[in-house]
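Novice: The following comprises the amino acid sequence and a computationally predicted model.
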Amino acid sequence: MAQPPKTPQNPEQNHPEFKFRTKPVQERSIFESYAALPARTRLYVSLGITAFAGIGLLVSDKLEAVFPPAQTAQAPRSPPVPSTSS
């Protein structure tokens, strides 16, 4: 005979309790505020930051090609010393 599935004694303890969701907003750290956001919102924020960083890298490369860095005056280097090992 099939046994009925066992149900937990306290169904409320299936999910962990997040204490940062019960804190007032003024007392939360930045991470706690970020973690309290819905998952989809956290995904959009992360994708937005990643896209902003990627675009910044591409734009900086294009700007460096258009405006090459200025050559700065460097101290003259001494000639390399030949090595005696064969």
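Specialist: Here it is on my side, so go on.

Novice: Give the other helices and strands that the biggest helix by length in the chain contacts.
Specialist: The residue-count maximum for a helix in the chain (DSSP state H) belongs to helix 39-66. In terms of contacts (3 or more Cβ pairs under 8 Å, 6 or more residues apart in numbering; DSSP states H and E), helix 39-66 is packed against helix 30-35. (Each C-beta comes from the backbone N, C-alpha and C, glycine too.)

Novice: If you count contacts, what does the helix it packs on end up packed against?
Specialist: For helix 30-35, the packing partners by 3+ Cβ pairs under 8 Å, 6+ apart are helix 39-66.

Novice: and the helix it packs on, average pLDDT?
Specialist: For helix 39-66, mean pLDDT is 96.

Novice: Quick one: distance of that helix to the chain centre.
Specialist: Taking the mean of its C-alpha atoms, helix 39-66 sits 12 Å from the chain's own mean (Cα atoms, centre = their mean, to the nearest Å).

Novice: Identify the residue nearest the geometric centre of the protein.
Specialist: Ser46 (7.3 Å; Cα atoms, centre = their mean).

Novice: Please report how far that one lies from Ala70.
Specialist: Using Cβ to Cβ, to the nearest Å, we find Ser46 at a distance of 37 Å from Ala70.

Novice: And for Leu43?
Specialist: Per Cβ to Cβ, Leu43 is found 42 Å from Ala70.

Novice: related to what we said a few turns ago, quick one, what contacts the residue nearest to the centre of the chain?
Specialist: Applying Cβ atoms under 8 Å, 6 or more residues apart in numbering, we find Ser46 in contact with no residue.

Novice: How much space separates it from Ala36?
Specialist: Ser46 is 15 Å from Ala36, where distance means Cβ to Cβ.

Novice: With Ser83 instead?
Specialist: 62 Å.

Novice: ditto for Lys23
Specialist: 9 Å.
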